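> need a 3D model of the sequence below.
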Amino acid sequence: MGAVFLAQAEVRLSDVAQFHAHWDVLGAAAALLIGYFYGLRVLAERYAPRGEIAVTNRQKALFVSGVATIVIVSSWPIHDIGEQSLFMFHMVEHLGLALVAPPLLLAGTPWWLLRAVLRPVLPVVKLLTKPFVALFLFNATLGLLHAPGIVEAMLTNELFHFVAHFLVFFTGILMWWPVLGPIPDTPRLAPFPRMGYLFLQSLVPTVPASFLTLGDAPLYKIYETFPRLWGISAHTDQVLAGFIMKFGGGLLLWAAIAWVFFDWWQDEQRYGAAPIVRVSL
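Take a look at the predicted model:
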């Protein structure tokens, strides 16, 4: 038993995931950046509102940060460790694709550019981004992708893995849409319902997280066959993944709730303190 533990403890990063470029991820990131900046340059004259700044430096920084998040969580070493050793790294990748990259990309895209791109499918967008529809699609996808059979399929089939991560990202976009209201055609929720929406979202993932943290045996048998990086057992790895899902995801969502609250409070202070101007007719 001691020899087995020693062998597990001796597993290093270089034994599990040698450095290599993920050209598919880099290609997708390059396509996003090229499409974004090309769209800003070519479509601004036609679609950007007159008298307004077409795009701010802050928006550009947010969009680039969103693309950078996708590259970081979907490349070496996070993706490779999650795919070949530790499930908790797989969970970090899911959180990055669902809760970090989507709001950065949405907040970084000018409304006129997003509406111009989505104009042909705007009726579908309006349907999919209704709060309860978006909430259901996101959490159904998240729950399904953590089923043992689906996790094993992701780890043994590259195409399925790509499709699964795309669905996490896509439904993450839908989930964040009612919070940010990125185009006038689909206005965002009012502040109080927005906070309630995010609060509800913070509660739902605790169900699958509980199966991970409270289980007395590894749920994903395939991870028991992988090299155990840094000597972390499959069961401990699963428990840590559950904590990351519950508390890491919750922290991100509660940070968003706090942002909504203070943004609302600032608006109340700004407009509530405005002097009343009486006009005589």
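> can you show me the helices along the stretch 51-200 of the chain?
57-73, 78-84, 87-95, 101-108, 111-118, 122-128, 131-144, 148-156, 158-180, 191-203 (DSSP state H, counting those that start in this stretch).
> who does the second one touch, helix- and strand-wise?
When you say that, I think you mean helix 78-84. The helices and strands touching helix 78-84, judged by 3 or more CB pairs under 8 Å, 6 or more residues apart in numbering; DSSP states H and E, are helix 13-16, helix 87-95. Glycine gets a C-beta too; all of them are placed from N, C-alpha and C.
> same thing with the fourth one?
Helices and strands touching helix 101-108, by 3+ CB pairs under 8 Å, 6+ apart, are helix 57-73, helix 158-180.
> ranking these by burial, who's on top?
helix 158-180 (a mean of 19; mean count of other CB atoms under 10 Å).
> tell me, what's the model's pLDDT at the residue nearest the centre of the chain?
Nearest residue to the geometric centre of the chain (CA atoms, centre = their mean): residue 98, 1.9 Å. Residue 98 carries a pLDDT value of 97.
> pretty sure residue 234 contacts residue 227?
No - when contacts are counted by CB atoms under 8 Å, residue 234 is not listed as touching residue 227 (11.0 Å).
> could you find the closest non-adjacent residue to residue 204?
Sequence neighbours aside, residue 139 is the residue nearest to residue 204 in space, at 4.8 Å (criterion: CB to CB, 6 or more residues apart in numbering).
> cool, residue 110 as well?
Distances taken as CB to CB, 6+ apart place residue 55 nearest to residue 110, at 4.9 Å, with adjacent residues excluded.
> picking up where we left off before, for residue 215, which of the helices and strands packed on helix 78-84 is the nearest?
helix 87-95 (12.1 Å; CB to CB).
> ok, which of the helices of the stretch 51-200 of the chain comes nearest residue 238?
Using CB to CB, the helices of the stretch 51-200 of the chain put helix 87-95 closest to residue 238, at 6.0 Å.
> quick one: residue 254 and residue 233, what's the gap?
30 Å (CB to CB, to the nearest Å).
> and for residue 56?
Residue 56 is 48 Å from residue 233, by CB to CB.
> skipping its backbone neighbours, what lies nearest residue 189 in space?
residue 178 (5.1 Å).
> then residue 175?
In space, residue 175 is closest to residue 138, 3.9 Å off (CB to CB, 6+ apart).
> wait, the residue nearest to the centre of the chain sits on residue 174?
No - using CB under 8 Å, residue 98 is not in contact with residue 174; the gap is 10.4 Å.
> touching both of these two, which residues are there?
The overlap between the contact sets of residue 98 and residue 174 (CB atoms under 8 Å, 6 or more residues apart in numbering) consists of residue 138.
> who touches residue 104 in this structure?
62-63, 65-66, 69.
> tell me the pLDDT at it?
98.
> which residues touch the nearest residue to it once chain neighbours are set aside?
Nearest residue to residue 104 in three dimensions, chain neighbours excluded: residue 66, at 3.2 Å (CB to CB, 6+ apart). When contacts are counted by CB under 8 Å, 6+ apart, residue 66 touches 100-105, 108.
> likewise for residue 44?
54-55, 112-113.
> determine which two of these are furthest apart.
55 and 112 (9.2 Å).
> between the helices of the stretch 51-200 of the chain, which one is closest to residue 11.
helix 78-84 (10.6 Å).
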